[in-house]
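Visitor: The sequence and its predicted three-dimensional model are supplied below.
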Amino acid sequence: MSYSFFAMVSRMKYIDRWALMRNTENESLDSHSKEVAVIAHALALIGNKRFGKSYNADRAAVLGLYHDAHEIITGDMPTPVKYQNEDILIAFKAVENSANEKLLNKLPADLQDEFRDLLTENDDDLKPLVKAADKISALIKCIEERKAGNTEFKEAEIATRKRILETNLPEANVFIEEFLPAYEQTLDTL
(Lines give C-alpha, C1' and ligand atoms only; values in the text may rest on other atoms or scores of the structure.)
Protein backbone atom coordinates (compact mmCIF):
# COMPACT_ATOMS: atom_id res chain seq x y z
CA MET A 1 0.00 0.00 0.00
CA SER A 2 1.16 3.53 -0.73
CA TYR A 3 0.88 6.39 1.79
CA SER A 4 1.02 10.08 0.92
CA PHE A 5 1.81 11.77 4.26
CA PHE A 6 5.40 12.68 3.40
CA ALA A 7 4.47 13.79 -0.12
CA MET A 8 1.92 16.11 1.48
CA VAL A 9 4.47 17.41 4.00
CA SER A 10 6.82 18.07 1.09
CA ARG A 11 4.22 20.48 -0.30
CA MET A 12 4.90 22.91 2.56
CA LYS A 13 7.24 24.66 0.16
CA TYR A 14 4.24 25.75 -1.94
CA ILE A 15 2.30 27.40 0.89
CA ASP A 16 3.00 31.13 1.14
CA ARG A 17 2.67 32.96 4.43
CA TRP A 18 1.60 36.57 5.06
CA ALA A 19 -0.97 36.53 2.24
CA LEU A 20 -2.61 39.82 3.25
CA MET A 21 0.68 41.71 3.35
CA ARG A 22 2.84 43.05 0.54
CA ASN A 23 6.13 41.16 0.84
CA THR A 24 9.51 42.07 -0.55
CA GLU A 25 10.28 38.35 -0.39
CA ASN A 26 7.76 35.55 -0.07
CA GLU A 27 8.11 33.23 2.90
CA SER A 28 7.03 29.63 2.46
CA LEU A 29 5.58 27.47 5.20
CA ASP A 30 8.59 25.20 4.66
CA SER A 31 11.17 27.88 5.41
CA HIS A 32 9.11 29.22 8.33
CA SER A 33 8.80 25.75 9.87
CA LYS A 34 12.55 25.18 9.61
CA GLU A 35 13.22 28.50 11.30
CA VAL A 36 10.73 27.71 14.08
CA ALA A 37 12.46 24.35 14.59
CA VAL A 38 15.88 26.00 14.90
CA ILE A 39 14.59 28.63 17.33
CA ALA A 40 12.56 26.13 19.41
CA HIS A 41 15.70 24.00 19.73
CA ALA A 42 17.68 27.06 20.84
CA LEU A 43 15.01 28.08 23.37
CA ALA A 44 15.07 24.59 24.88
CA LEU A 45 18.85 24.67 25.18
CA ILE A 46 18.71 28.15 26.73
CA GLY A 47 16.16 26.85 29.23
CA ASN A 48 18.35 23.89 30.08
CA LYS A 49 21.62 25.80 30.40
CA ARG A 50 20.43 29.07 31.90
CA PHE A 51 17.30 28.16 33.87
CA GLY A 52 17.92 24.60 35.04
CA LYS A 53 15.15 23.11 32.91
CA SER A 54 15.25 19.63 31.43
CA TYR A 55 13.65 20.25 28.04
CA ASN A 56 14.10 17.73 25.25
CA ALA A 57 15.65 20.13 22.72
CA ASP A 58 15.55 17.64 19.86
CA ARG A 59 11.83 17.06 20.47
CA ALA A 60 11.27 20.84 20.52
CA ALA A 61 12.91 21.09 17.10
CA VAL A 62 10.74 18.32 15.63
CA LEU A 63 7.60 19.91 17.07
CA GLY A 64 8.67 23.14 15.39
CA LEU A 65 8.99 21.38 12.05
CA TYR A 66 5.41 20.13 12.22
CA HIS A 67 3.72 22.95 14.18
CA ASP A 68 1.85 24.35 11.16
CA ALA A 69 1.57 21.18 9.05
CA HIS A 70 -2.20 21.59 8.95
CA GLU A 71 -1.60 24.64 6.73
CA ILE A 72 -0.76 22.27 3.89
CA ILE A 73 -4.52 21.76 3.74
CA THR A 74 -5.88 25.00 5.24
CA GLY A 75 -3.37 27.51 3.95
CA ASP A 76 -2.04 30.25 6.22
CA MET A 77 -4.82 32.01 8.12
CA PRO A 78 -3.71 35.61 8.79
CA THR A 79 -3.41 36.39 12.51
CA PRO A 80 -5.79 39.39 12.45
CA VAL A 81 -8.49 37.18 10.94
CA LYS A 82 -7.82 34.09 13.07
CA TYR A 83 -7.90 36.03 16.35
CA GLN A 84 -10.61 38.52 15.41
CA ASN A 85 -13.05 36.96 17.85
CA GLU A 86 -13.53 33.81 19.90
CA ASP A 87 -16.04 32.25 17.47
CA ILE A 88 -13.65 32.48 14.53
CA LEU A 89 -10.78 31.10 16.63
CA ILE A 90 -12.86 28.13 17.82
CA ALA A 91 -14.05 27.43 14.27
CA PHE A 92 -10.52 27.64 12.89
CA LYS A 93 -9.16 25.33 15.60
CA ALA A 94 -11.77 22.78 14.48
CA VAL A 95 -10.59 23.22 10.88
CA GLU A 96 -6.96 22.73 12.01
CA ASN A 97 -7.90 19.57 13.90
CA SER A 98 -9.74 18.22 10.87
CA ALA A 99 -6.76 18.99 8.62
CA ASN A 100 -4.42 17.22 11.05
CA GLU A 101 -6.67 14.14 11.02
CA LYS A 102 -6.64 14.14 7.21
CA LEU A 103 -2.84 14.22 7.28
CA LEU A 104 -2.68 11.44 9.87
CA ASN A 105 -4.93 9.26 7.73
CA LYS A 106 -2.22 9.42 5.06
CA LEU A 107 0.06 7.34 7.32
CA PRO A 108 -0.01 3.63 8.13
CA ALA A 109 -1.95 2.93 11.32
CA ASP A 110 1.16 1.98 13.30
CA LEU A 111 2.71 5.46 12.78
CA GLN A 112 -0.37 7.60 13.32
CA ASP A 113 -0.04 7.93 17.10
CA GLU A 114 3.60 9.00 16.81
CA PHE A 115 2.72 11.77 14.38
CA ARG A 116 -0.51 12.73 16.18
CA ASP A 117 1.60 14.00 19.07
CA LEU A 118 3.74 16.02 16.65
CA LEU A 119 0.81 17.55 14.78
CA THR A 120 -1.22 18.38 17.87
CA GLU A 121 1.71 19.63 20.01
CA ASN A 122 0.70 17.53 23.01
CA ASP A 123 3.98 18.19 24.84
CA ASP A 124 2.78 20.59 27.52
CA ASP A 125 6.27 21.58 28.65
CA LEU A 126 7.49 22.27 25.09
CA LYS A 127 4.35 23.88 23.66
CA PRO A 128 5.16 27.36 25.07
CA LEU A 129 8.65 27.17 23.56
CA VAL A 130 7.32 26.26 20.11
CA LYS A 131 4.70 29.01 20.29
CA ALA A 132 7.38 31.52 21.30
CA ALA A 133 9.64 30.29 18.49
CA ASP A 134 6.74 30.78 16.06
CA LYS A 135 6.31 34.37 17.24
CA ILE A 136 10.06 35.03 17.12
CA SER A 137 10.13 33.73 13.54
CA ALA A 138 7.30 36.14 12.69
CA LEU A 139 9.24 38.97 14.33
CA ILE A 140 12.31 38.09 12.27
CA LYS A 141 10.18 38.27 9.10
CA CYS A 142 8.96 41.73 10.16
CA ILE A 143 12.53 42.89 10.77
CA GLU A 144 13.67 41.57 7.39
CA GLU A 145 10.80 43.35 5.62
CA ARG A 146 11.52 46.62 7.44
CA LYS A 147 15.20 46.37 6.53
CA ALA A 148 14.17 45.93 2.89
CA GLY A 149 12.26 49.22 3.08
CA ASN A 150 8.79 47.67 3.38
CA THR A 151 6.71 49.61 5.92
CA GLU A 152 3.80 47.16 5.52
CA PHE A 153 5.09 45.12 8.48
CA LYS A 154 5.59 48.07 10.87
CA GLU A 155 2.51 47.43 13.05
CA ALA A 156 3.00 43.66 12.86
CA GLU A 157 6.54 44.07 14.19
CA ILE A 158 5.36 46.14 17.17
CA ALA A 159 2.46 43.80 17.97
CA THR A 160 4.56 40.65 17.58
CA ARG A 161 7.36 41.93 19.80
CA LYS A 162 4.74 42.86 22.43
CA ARG A 163 3.14 39.38 22.28
CA ILE A 164 6.55 37.74 22.78
CA LEU A 165 7.32 39.90 25.82
CA GLU A 166 3.85 39.18 27.25
CA THR A 167 4.62 35.45 27.32
CA ASN A 168 7.08 36.15 30.18
CA LEU A 169 9.07 33.20 28.90
CA PRO A 170 12.65 33.71 30.11
CA GLU A 171 14.07 31.63 27.23
CA ALA A 172 12.37 33.92 24.71
CA ASN A 173 13.61 37.02 26.53
CA VAL A 174 17.19 35.72 26.33
CA PHE A 175 16.80 35.03 22.60
CA ILE A 176 15.38 38.53 22.01
CA GLU A 177 18.17 40.19 24.00
CA GLU A 178 21.14 38.14 22.85
CA PHE A 179 20.36 36.86 19.36
CA LEU A 180 17.70 39.07 17.77
CA PRO A 181 19.94 42.17 17.42
CA ALA A 182 22.10 40.29 14.90
CA TYR A 183 19.12 40.13 12.53
CA GLU A 184 19.47 43.91 12.15
CA GLN A 185 23.00 43.52 10.78
CA THR A 186 24.17 43.11 7.21
CA LEU A 187 26.09 40.07 6.01
CA ASP A 188 29.34 42.04 6.11
CA THR A 189 28.89 42.94 9.79
CA LEU A 190 27.78 39.49 10.97
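Guide: All right, it came through fine.
Visitor: Within the helices and strands, which one has the most centrally placed residue in the chain?
Guide: The centroid of the chain falls nearest to residue 134 when counting by C-alpha atoms, centre = their mean (3.2 Å). Assigning secondary structure by DSSP states H and E places residue 134 in helix 127-147.
Visitor: what about that helix, average pLDDT?
Guide: On average, the pLDDT along helix 127-147 is 96.
Visitor: Go ahead and name everything in contact with the next helix or strand after it.
Guide: Going down the chain from helix 127-147, the next helix or strand is helix 154-166, by DSSP H and E. Applying C-beta atoms under 8 Å, 6 or more residues apart in numbering, the set of residues contacting helix 154-166 from outside is 21, 132, 135, 136, 138, 139, 142, 143, 146, 172, 173, 176. In short, each C-beta sits where N, CA and C put it, glycine included.
Visitor: Look up the pLDDT of the last one for me, please.
Guide: Just to be clear, that refers to residue 176. For residue 176, the predicted pLDDT is 97.
Visitor: got it, and the first one?
Guide: Among the per-residue scores, residue 21 shows a pLDDT of 85.
Visitor: So it versus residue 65, what's the distance?
Guide: 24 Å (C-beta to C-beta, to the nearest Å).
Visitor: Please say which of these two ends up with more neighbours.
Guide: The residue with more neighbours, out of residue 21 and residue 65, is residue 65; 19 against 14, by other C-beta atoms under 10 Å.
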